[in-house]
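# Got a sequence here, can you build the structure:
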Amino acid sequence: MKEIQQPVPLPTEALPRRIARRLQSRNAMALVGIMLVLMLVLAGSLIGFAGAAGRSTGDLGSTSSNMLQMTRKRNNVLQAETLADAGVRAAVQWIAELPSPPVLASAFSPMDVTPTAFYAGASPTNSNKWTTLTFPAPGDASQGQFRVRFYPHSDNAVAAQRGFLVESVGTFKGETRVVRADIRQKNFAQYAYFTDTLSDAYFIAGLTTFNGPVHVNNSTNKDMNIVWDSVLPNDKSRLFQWNGDNTFTMWQGAKSGNSYRNVGKVKWRKDSAYVNPSTPTADADWKKIITPDKEGTAEQRVRTGPQLTADKVELPKSSDELRDAAIGGASVVPPTGSGVYVPTSGGFNAKSGTPSGGVYIRGQVDDMVLEATGTGNRDQNVYIYQNSFNTKFKLQMKANGETVLERFTRSASNKPFVADTSGSYPRTYNGSATNGVIYSHDDIGAYNAEKGGVSGTIANSDASAEALSKLTLATRVDSTGKKTINIDGNILYANATKEAVKSPDDAGVLGMVAERIRVLKKSKLVEPGLTGFNNYTASSGVTYQEDEDLDNLSIHGTLMAYNTIAVDGYDTRDPGEFRLLGGYIAKDSSKFGQTVGGTGLDALNVKKGFKRILNYDKRVANQPPPYFPGTGQAYETLSYQRVLEPLQP
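Numbers count the residues shown, from 1 in each chain. As a prediction, the model looks like this:
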């Protein structure tokens, strides 16, 4: 009897250690399976020999030989599958370790990008279409090999999160298996709450809840004080309510040798901010802090959830990728004159054509109002005011893909707006919709004055379509300027209430990205005659009317500030609620209000400013706002499938 081929020896230096461990595990399983098959073969042979009176020895030998051939074939198939999987993991590891993602527009292999920096022994094959690594020794293809190739996503030239289809072909002893994985850089929209630094504020049960992933870098290496409630009124009172991965992660959170829970920078305080910190030990206590697994205990959730030695997540340095998305590419020169522009192949001032990017705004934006209108509230209108409120642009982003830009002017604040009929407007664009990015080179709302910002409603998505209607508002953040977005009124999904804790199924998606996001004390000055605004005050006449103080505010969207999300007068404004349905992402954490303090239930009462109520919009993890900033070189797998043939030989 010939010896059965053992699993492929692993090249301990050719692949990263964690990939080698996974392959060793899989090959060990394959070996166990082969041994079981051999035992069955032997048992079958013995039974056949004992009961084969009158049969020839040739029949028995033929049967055993066929079974051994089947065993060999199955082993070869398993090895080919293992090699194909290893190729994907090696390729993803390689691209994740690059300083930046490749910007190639067509298919490429790793050796097209880094000819000498894939893995030892790799070589280009098939006219340089593939990068191939052979086993067990480089250059020896008699045992097996994998070859890998990348196919860039079509929008990688301007996308904030670049994506790739990775194809890997594993070959072993005549058997071939093909795997495709669609990967994309992770983005900040996956977080319900993210900060790079910590303030002196406490996270207090009853005032703070997190029902999505939380990450804190703690770059300033401060203590994080968390007050938990030992007498839990109900499940919704838990601090951490996310029943998924990355419940609570932290970079500088634990001392050496302690990878989870307390024993470091997180100080757990029972029932009061004024007691000495102590780590909960009983499972019953942890269940009052963190939502248990459906099939596990809270203690297990703590071990797999709060990780206090996680990797640091770096914030981007600029919003250049959002600018490039708005103007249609990094090589495009943006306009310099004040106004609102939709780029096309005919430039920025064409009256028609197909949009080649998003929307670009130059000059101070005095005010911006969002309006959902049309059938099913699926058309998005954006009113943009400039020139001390005397110039108004009406941007219509219709569900059918049409984009219309109109311009209106008035001679004084007490005069009505008149449509620009000079021949330059209106501008109508067809062929395809804009990419959903509205980028302002300057502030949206006055930088220091209590005047102007963003408010309104977000249009719905088409309920029959798989993709959501998406919008990202962004301002310039670079070495030449760091601009702000003011919020001066509610921003709601069209069919959602101000108290909504979950987005409607057909709701759109909104992202806001700026150096600073600032919450004003006063609502905007609304232009009478416009409808659909949550802070709208009816008025006659043509002048702007000031609404009431913003004691309560609801925002539906994912907010990202490269500096901070600041609340004007957090320690002087009347008490109220700040409700966020989306994500809170900022470099520096900030104070939203002040509590009464002390002990007992009264300590949770807000005496000034906002009680912050954060609700995570789960949809944005997989369908983030357009071109929302990425978290660096970490990649997520969108799909993983085995196929019959590679896209290219």
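
# What segments of the stretch 301-450 of the chain are helices?
320-327 (DSSP state H, counting those that start in this stretch).

# which stretches of it have low pLDDT?
Regions of the stretch 301-450 of the chain meeting the criterion pLDDT under 70 cover residues 301-306.

# and the closest residue to residue 359 other than its chain neighbours, what is it in contact with?
Excluding the flanking residues, the one nearest residue 359 by CB to CB, 6 or more residues apart in numbering is residue 438, at 4.5 Å. Heads up, the C-betas are built off the backbone N, CA and C, glycines and all. Contact analysis of residue 438 by CB atoms under 8 Å, 6 or more residues apart in numbering lists 326, 358-359, 361, 382, 395, 471-474.

# repeat that with 10 Å
By CB atoms under 10 Å, 6 or more residues apart in numbering, the residues touching residue 438 are 322, 326, 340, 358-361, 365, 368, 370, 380, 382, 384, 395, 397, 444, 471-475, 626.

# now residue 627
Contacts of residue 627 (CB under 10 Å, 6+ apart): 155, 158-161, 187, 319, 321-326, 358, 435-437, 439, 470, 472, 474, 511, 513.

# Look through the protein and tell me its longest helix.
Using DSSP state H, we find that the single longest helix of the chain is helix 57-96.

# Which residue ranges of the stretch 401-550 of the chain form strands?
For the stretch 401-550 of the chain, the strands defined by DSSP state E, counting those that start in this stretch occupy 403-409, 418-419, 427-429, 437-440, 454-458, 470-475, 477-478, 481-482, 484-493, 509-519, 525-526, 545-546.

# Please produce TSV containing these, extended by distance to residue 552.
Listed next are the strands of the stretch 401-550 of the chain as TSV, based on distance: least, CB to CB, whole Å:
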stretch	distance to residue 552
strand 403-409	32
strand 418-419	36
strand 427-429	38
strand 437-440	27
strand 454-458	13
strand 470-475	22
strand 477-478	29
strand 481-482	29
strand 484-493	9
strand 509-519	12
strand 525-526	17
strand 545-546	17
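
# And those strands: which comes nearest residue 167?
If you check each of the strands of the stretch 401-550 of the chain against residue 167 by CB to CB, strand 470-475 wins as the nearest, at 28.6 Å.

# Give me the angle between that closest one and strand 484-493.
If you take axes from the mean of the first three to the mean of the last three CA atoms, to 10 degrees, strand 470-475 sits at 160 degrees to strand 484-493.

# Let me see the contact set for residue 568.
Residues in contact with residue 568 (CB under 10 Å, 6+ apart) are 450, 486, 518-522, 550, 609.

# again, only using 6 Å
Each residue near residue 568 by CB atoms under 6 Å, 6 or more residues apart in numbering is listed here: 520-521.

# So it versus residue 150, what's the distance?
From residue 568 over to residue 150 the distance is 48 Å, taken as CB to CB, to the nearest Å.

# after the helix or strand hosting residue 149 comes which helix or strand?
Following DSSP states H and E, one finds residue 149 within strand 144-152. Note on strand 144-152: by DSSP H and E, the next helix or strand toward the C-terminus is strand 163-172.

# Now find how far off-centre that next one is within its chain.
Put simply, strand 163-172 sits 24 Å off its chain's centre (CA atoms, centre = their mean, to the nearest Å).

# residues touching residue 593, list them.
Taking CB under 6 Å, 6+ apart as the test, what residue 593 contacts is 570, 606, 608-610.

# Quickly find the element holding the nearest residue to it once chain neighbours are set aside.
Nearest non-adjacent residue to residue 593, counting by CB to CB, 6+ apart: residue 609, 2.7 Å away. Using DSSP H and E, residue 609 sits within strand 606-616.

# What of residue 186?
Residue 186 is located in strand 175-187, with elements delineated by DSSP H and E.

# Which elements pack onto the helix or strand following that strand?
Stepping forward along the backbone from strand 175-187, the first helix or strand reached (DSSP H and E) is strand 193-195. Here strand 193-195 touches strand 214-216, strand 576-588, going by 3 or more CB pairs under 6 Å, 6 or more residues apart in numbering; DSSP states H and E.

# Direction included, what does the first one pair up with?
With DSSP bridges as the test, strand 214-216 is paired with strand 193-195 (parallel), strand 248-250 (parallel).

# tell me the mean pLDDT for the last one?
Yep, that's strand 248-250 we're talking about. Here strand 248-250 scores 84 as its mean pLDDT.

# same check, this time on stretch 593-613
73.

# do stretch 462-482 as well
Mean pLDDT, computed over stretch 462-482, is 83.

# Next: stretch 102-112.
For stretch 102-112, the mean pLDDT works out to 87.

# buried sites along it?
Neighbour-count burial for stretch 102-112 flags 102, 107-112 (criterion: 16 or more other CB atoms under 10 Å).

# I'd like the distance from it to the chain centre, please.
Distance, stretch centre to chain centre, for stretch 102-112: 24 Å (CA atoms, centre = their mean).

# and what of stretch 386-404?
The chain centroid and the centroid of stretch 386-404 are separated by 28 Å under CA atoms, centre = their mean.

# Endpoint to endpoint, it covers what distance?
Terminal residues of stretch 386-404 are spaced 18 Å apart (CA to CA, to the nearest Å).
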